[in-house]
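Enquirer: below are the sequence and a predicted model; questions follow.
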Amino acid sequence: MSDPQRIQYTSSDGLELVAFSYGPSDAELTILCMHGLTRNHKDFEMMIAALDPGYRFVAVDVRGRGKSAYDPNPYNYTPLTYAFDMVILLDKLKLDKVVLIGTSMGGLMSMILMKSIPKRILGVVLNDIGPALRKRGIARIISYVGKTKPFENWGTAAASIAFYNEMAFPKNTPEDWLLAAKRTCRETESGEIVFDYDPLIYKAFRMHRINSATTYLAWRLFDAMRAVPLLLIRGELSDLLSANDAKRMLRRHGNAKLLTLKNIGHAPMLDEPESVQEIGSFLRQFSET
């Protein structure tokens with residue numbers, strides 16, 4: 001896979017944001033890839049490398065992550081704000097039609113985009129996320145977001161990531177955890193290793209409340225996705241998306257397929273052979289029309 005093209009754009013409130021483009025800029029099909037809460041564009045590089053090089057993939061760093069600027073108002077760190085930023089990105093790139101791939105928080109962004117710009121979306125891949133979120137998963141995320149101190153080296157960073165995520169990836173080796181650290185952390189000028197996101201993202205996230213009213217509204221938002229094909233990927237061990245809710249999403253959508261990955265929790269990396277096969281098949285329906 002060749003080096004990606006860096007894309008810079010400015011949000012409506014003046015933040016300098018960054019995305020990365022992989023593959024030919026004149027490809028017939030473009031896929032917008034949106035990461036999870038504490039992640040960045042690098043999460044998609046292994047998936048992109050395994051898929052058709054004829055596609056164009058645009059993987060974003062939402063505000064406060066990776067190469068994008070940090071927001072001086074941490075309460076702007078919400079999926080709604082990120083989704084508005086994505087519309088600006090699509091406008092800059094003059095993309096009228098895209099497929100969305102959203103992991104966790106990126107999936108919530110996908111649902112918002114389906115509601116706000118439905119005519120510009122061909123289809124959606126949701127990675128281990130839905131309108132109903134399990135409280136156990138939310139509590140686990142709250143337990144670590146924004147709380148970690150700098151690490152002395154990459155080994156201690158990898159050990160910390162393994163501590164919080166080993167239940168989701170029981171087969172990971174020490175080498176796998178080191179690769180995970182390289183994707184989610186960065187090295188400072190002083191040589192310390194820190195997570196590659198604004199620690200203040202926790203402020204808005206902790207305001208999220210799961211109750212009957214918010215869940216009802218989320219299901220109504222999900223209903224907008226009926227207009228396009230849906231591929232739902234779920235980790236068998238997920239503590240955020242239950243098996244019952246995933247099945248309910250399929251029944252409610254009517255044009256969706258579910259892939260459940262064995263011995264994986266929240267959230268699959270999408271480079272698993274089964275994921276690559278299903279995503280590849282899902283994308284081909286749009287490139288063949």
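Expert: All right, it came through fine.
Enquirer: CA only for contacts and neighbour counts going forward, please
Expert: OK.
Enquirer: lowest-scoring secondary structure element of the chain by mean pLDDT?
Expert: When each helix and strand of the chain is scored by mean pLDDT, DSSP states H and E, helix 135-144 comes last, with a mean of 87.
Enquirer: what ranges do the strands span in the protein?
Expert: Shown for the chain, the strands assigned by DSSP state E span residues 5-10, 16-22, 30-34, 56-61, 98-103, 121-127, 185-187, 193-195, 230-235, 256-261.
Enquirer: format those as TSV; extra columns: distance to Ile201 and mean pLDDT.
Expert: Converted to TSV, the strands of the chain look like this (distance: least, Cα to Cα, whole Å; pLDDT from 0 to 100):
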stretch	distance to Ile201	mean pLDDT
strand 5-10	20	98
strand 16-22	16	98
strand 30-34	16	98
strand 56-61	14	98
strand 98-103	17	98
strand 121-127	21	98
strand 185-187	15	96
strand 193-195	12	96
strand 230-235	25	98
strand 256-261	29	98
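Enquirer: of all the ones you listed, which one is nearest Arg140?
Expert: Smallest distance to Arg140 across these (Cα to Cα): 15.9 Å, for strand 230-235.
Enquirer: can you tell me what sits against that closest one?
Expert: For strand 230-235, the surrounding residues in contact (Cα atoms under 8 Å, 6 or more residues apart in numbering) are 123-129, 241, 246, 255-268, 275, 279, 282.
Enquirer: what's the angle between that strand and strand 256-261?
Expert: Taking axes from the mean of the first three to the mean of the last three Cα atoms, to 10 degrees, one finds that strand 230-235 is oriented at 20 degrees with respect to strand 256-261.
Enquirer: in strand 230-235, what counts as buried?
Expert: For strand 230-235, a neighbour-count test (16 or more other Cα atoms under 10 Å) marks Leu230, Leu231, Leu232, Ile233, Arg234, Gly235 as buried.
Enquirer: try stretch 113-132
Expert: Buried residues in stretch 113-132 (16+ other Cα under 10 Å): 113-115, 118, 120-132.
Enquirer: CA atoms only: put stretch 7-20 into PDB for me.
Expert: Provided in PDB are the C-alpha atoms of stretch 7-20 (Å, rounded to 0.1, in the frame of the first residue of the first chain):
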ATOM      1  CA  ILE A   7      -6.200  16.100   3.300                       C
ATOM      2  CA  GLN A   8      -6.500  19.300   5.300                       C
ATOM      3  CA  TYR A   9      -9.800  21.100   5.800                       C
ATOM      4  CA  THR A  10     -11.400  23.600   8.200                       C
ATOM      5  CA  SER A  11     -14.400  23.000  10.300                       C
ATOM      6  CA  SER A  12     -17.300  25.500  10.500                       C
ATOM      7  CA  ASP A  13     -15.900  26.800  13.800                       C
ATOM      8  CA  GLY A  14     -12.300  27.200  12.500                       C
ATOM      9  CA  LEU A  15     -10.500  24.000  13.600                       C
ATOM     10  CA  GLU A  16      -7.900  22.600  11.200                       C
ATOM     11  CA  LEU A  17      -8.800  19.000  10.600                       C
ATOM     12  CA  VAL A  18      -7.000  16.200   8.700                       C
ATOM     13  CA  ALA A  19      -8.000  13.000   6.800                       C
ATOM     14  CA  PHE A  20      -6.000  10.600   4.700                       C
END
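Enquirer: who touches it?
Expert: Contacts of stretch 7-20 (Cα under 8 Å, 6+ apart): 4-6, 21, 41, 58-63, 67-71, 85, 88-89, 92.
Enquirer: thinking again about what came up before, in JSON lines, list the strands of the chain along with distance to Asp176.
Expert: Listed next are the strands of the chain as JSON lines, based on distance: least, Cα to Cα, whole Å:
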{"stretch": "strand 5-10", "distance to Asp176": "26"}
{"stretch": "strand 16-22", "distance to Asp176": "24"}
{"stretch": "strand 30-34", "distance to Asp176": "22"}
{"stretch": "strand 56-61", "distance to Asp176": "22"}
{"stretch": "strand 98-103", "distance to Asp176": "19"}
{"stretch": "strand 121-127", "distance to Asp176": "20"}
{"stretch": "strand 185-187", "distance to Asp176": "14"}
{"stretch": "strand 193-195", "distance to Asp176": "17"}
{"stretch": "strand 230-235", "distance to Asp176": "17"}
{"stretch": "strand 256-261", "distance to Asp176": "18"}
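Enquirer: and those: which comes nearest Ala168?
Expert: strand 230-235 (8.2 Å).
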